[in-house]
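A.B. asks: Below: sequence and its predicted model.
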2 protein chains.
Amino acid sequence: MLPFEEYSRLIADAIANLQFSQSPASLFEPIRYTLDSGGKRLRPALLLSTYHALGGDPADVMNQALGLEMFHNFTLLHDDVMDNADVRRGQLTVHRRWNASQAILSGDAMLTIATQLIADCKPYALPRILSLFNDTAMGIYRGQQLDIDYEHRRDVTIDEYISMIRLKTSVLLGCACAMGATLADAHSSVCQAFYDYGVNLGLAFQLRDDYLDTYGDPLLFGKGIGGDIVNEKKTWLFITALQERGEQLSAILSQKLDPSDRVAAVIDIYDSINLGERCNDLIAQYLDKALVAIGRAGIAPEALQFFTDLAQRSASRTH
Amino acid sequence: MLPFEEYSRLIADAIANLQFSQSPASLFEPIRYTLDSGGKRLRPALLLSTYHALGGDPADVMNQALGLEMFHNFTLLHDDVMDNADVRRGQLTVHRRWNASQAILSGDAMLTIATQLIADCKPYALPRILSLFNDTAMGIYRGQQLDIDYEHRRDVTIDEYISMIRLKTSVLLGCACAMGATLADAHSSVCQAFYDYGVNLGLAFQLRDDYLDTYGDPLLFGKGIGGDIVNEKKTWLFITALQERGEQLSAILSQKLDPSDRVAAVIDIYDSINLGERCNDLIAQYLDKALVAIGRAGIAPEALQFFTDLAQRSASRTH
């Protein structure tokens, strides 16, 4: 196994070498712009490292890894149009830098290019790889739809929230691991173990994201703190506070406060019922599930250590 | 062979029977709304009739036919957002009936569902079928990009225009025919003959659309007449007039005229250089190419007659 950062670097190099030689250039410039904006490359790194852990050469599945990164960036590009977001990874979003039509069209092309890259595998594996990818994509759209639908509801339950982030974020991590295992011709029980690892890692990752948006160090986190509170986003913290301190929370939200005062007042409520610690306890539960799952994969100690470290770092990350 | 309308009816029945059983319903309602709005079902009918002409049972390739219709409707849905169109097939567009975010997200889901339907074929055919589909999809995005890019240019040539409509419209008709032939295990030369037939049929079809937008009978055509002129759309008629009567045309476009007066004045220019007849001559050339191509397919006389009739009707259609 290589250090995680080495897998990310392999992907960054492969992205830099991707050629978009078709015309017109105007279709492909926003794709290059999006891919070059960085990110953790977590999904393709999971695919490469899973394949590597099962005895394969990461270079053999680079196109599938690139396809997953392309797909992930496509979802971000279209989500940014839907959310009317101005900035992504420190640069203007595509629909701000160009326009919404360009973001829609270049995003559509990214989805098809992602499918082309993923389909460029051994023919006998293609039906399974493609089903896994398409089913995952459908899950992500369903999760995004739930996220939109929940904006207008005050009665979202914790179970509904977990189901939503499982679809919107986690299944793609599970897919990345399972795709690596499937490409390595692993037994279906091993593929399932890696899938479960990825999904639970994803839940821990997303809940940690919610935690950091409220309790993170702004210097480390990179995004402003409290954005979720200002936007009344239905995170685990917010939903739990609505359930346990609904009247207090509603009273604050109905006041005309400066954003920073509002954030401070909501955090006071969170602290009064110990939500920060309870959120990290929940993250630890999903971390445990991820570690139990990867324990079922039957991989060598060095590989087990790699995936254990990765999950622990994801669950306790500060940025 | 069946009459063309029978293939369309088979598809309409299959669309009516499509189940979207996943949650949330809010993601799938715009898909059902779009599919139920009708249309000629030309692309899936081409796939079914090609497969039938080569000895197969159309029912065996219904999912691929549905996939192409789903894909075509996805492109219309996203195009309508980009064009800010209000009405499609006599009903509100999805982004007007719902909103742009819903149109983007449900459209994305349609592209993935289209891929799922198309990929549901015999595994040994899957790599070729999927490459054909993905390459075609890329062509369509490139054509849409060229169409957008050409809006801001006055020096678009006829060759550029034909290349654009070939990508935006015709390659999908070629793909429909070639996919039917590939699924029927036809020799690559037969697949190519059907592809060329579909592409040239598509060019005739699109040029006839341009013709009818200016010279059609409004009662038969269904859309208002002169919309392309009002929007200064770079059609074959408009580009040719720009080349041959550029000063006159520019003079009229720079005047503040009522839309109907403007349309009449531009048609006067078109008529002065006989553009209506010349457009139909060009359509006849693409019709001829389509008929030459299908002649190379080596199909039975009854099937040859079917595809000949279909091309002739497409080239002389009034709606």
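C.D. replies: Ah, there it is.
A.B. asks: Please make it C-alpha for all contacts and neighbour counts, starting now.
C.D. replies: Will do.
A.B. asks: So which bits of the longest helix seen in chain A are buried?
C.D. replies: Using DSSP state H to define each element, chain A has its longest helix at helix A:188-215. Residues of helix A:188-215 classed as buried by neighbour count (16 or more other CA atoms under 10 Å in any protein chain shown): A:190-215.
A.B. asks: Rounded mean pLDDT for the helix or strand where A:L132 lies, please.
C.D. replies: Element membership for A:L132, per DSSP states H and E: helix A:126-151. Helix A:126-151 shows a mean pLDDT of 97.
A.B. asks: after that helix, next one along is what?
C.D. replies: Past helix A:126-151, the next helix or strand by DSSP H and E is helix A:158-165.
A.B. asks: that older thread, please see if the helix holding A:L132 touches chain B.
C.D. replies: Yes: using CA under 8 Å from any CA of the partner chain, helix A:126-151 comes into contact with chain B via A:L126, A:P127, A:S131, A:N134, A:A137, A:M138, A:Y141, A:R142, A:Q145, A:L146.
A.B. asks: now for that helix, which elements pack on it?
C.D. replies: Here helix A:126-151 touches helix A:100-119, helix A:158-165, helix A:171-183, helix B:25-35, helix B:100-119, helix B:126-150, going by 3 or more CA pairs under 8 Å, 6 or more residues apart in numbering or on different chains; DSSP states H and E.
A.B. asks: Buried residues of that helix, list them for me.
C.D. replies: A:126-127, A:129-130, A:132-148, A:150.
A.B. asks: next one: stretch A:227-234
C.D. replies: Under 16+ other CA under 10 Å, the buried positions of stretch A:227-234 are A:D228, A:I229, A:K233, A:K234.
A.B. asks: Name the SS class of the first one, please.
C.D. replies: If I follow you right, that is A:D228. helix (DSSP: H, G, I helix; E, B strand; the rest coil).
A.B. asks: likewise the last one?
C.D. replies: With three-state DSSP as the basis, the three-state label of A:K234 is coil.
A.B. asks: do you know how far it is from chain B?
C.D. replies: From A:K234 across to chain B, the span is 17 Å (CA to the nearest CA, to the nearest Å).
A.B. asks: What parts of the stretch 51-200 of chain A come near chain B?
C.D. replies: Counting by CA under 8 Å from any CA, the residues of the stretch 51-200 of chain A near chain B are A:78, A:81-82, A:100-101, A:104-105, A:108-109, A:112-113, A:115-116, A:119, A:123-124, A:126-127, A:131, A:134, A:137-138, A:141-142, A:145-146.
A.B. asks: Go again with 6 Å.
C.D. replies: A:M82, A:S101 (CA under 6 Å from any CA of the partner chain).
A.B. asks: And A:N84, how close does it get to B:G180?
C.D. replies: Plainly put, A:N84 is 41 Å away from B:G180 if you go by CA to CA, to the nearest Å.
A.B. asks: Between these two, tell me which one has more neighbours.
C.D. replies: B:G180 (31 against 14; other CA atoms under 10 Å in any protein chain shown).
A.B. asks: Please name the residues that touch that one.
C.D. replies: For B:G180, the contact set (CA atoms under 6 Å, 6 or more residues apart in numbering or on different chains) comprises B:L47, B:T50, B:Y51.
A.B. asks: Pull the contacting residues for the second one.
C.D. replies: With contacts defined as CA under 6 Å, 6+ apart, B:T50 is in contact with B:C177, B:G180.
A.B. asks: Do you know the pLDDT at it?
C.D. replies: 98.
A.B. asks: what's next to the worst-scoring helix or strand of chain A on mean pLDDT, contact-wise?
C.D. replies: Within chain A, no helix or strand scores below helix A:218-221, which has a mean of 79 by mean pLDDT, DSSP states H and E. Helix A:218-221 is contacted from outside by A:I225, A:H319, using CA under 6 Å, 6+ apart.
A.B. asks: mind running it again at 7 Å?
C.D. replies: A:L212, A:G224, A:I225, A:T318, A:H319 (CA atoms under 7 Å, 6 or more residues apart in numbering or on different chains).
A.B. asks: do stretch A:59-73 as well
C.D. replies: A:34, A:41, A:43-44, A:47-48, A:110-111, A:114-115, A:117-118, A:120.
A.B. asks: Show me which residues of it are buried.
C.D. replies: Going by 16+ other CA under 10 Å, stretch A:59-73 has these buried residues: A:61-73.
A.B. asks: Same check on stretch A:95-110?
C.D. replies: Result for stretch A:95-110 [16+ other CA under 10 Å]: buried residues A:95-96, A:100-110.
A.B. asks: These into a markdown table, with extra columns for distance to A:R166 and pLDDT?
C.D. replies: As requested, the buried residues of stretch A:95-110 are exported to a markdown table (distance: CA to CA, whole Å; pLDDT from 0 to 100):
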| residue | distance to A:R166 | pLDDT |
| --- | --- | --- |
| A:H95 | 27 | 97 |
| A:R96 | 29 | 97 |
| A:A100 | 28 | 97 |
| A:S101 | 29 | 97 |
| A:Q102 | 29 | 98 |
| A:A103 | 26 | 98 |
| A:I104 | 25 | 98 |
| A:L105 | 27 | 98 |
| A:S106 | 27 | 98 |
| A:G107 | 23 | 98 |
| A:D108 | 24 | 98 |
| A:A109 | 26 | 98 |
| A:M110 | 23 | 98 |
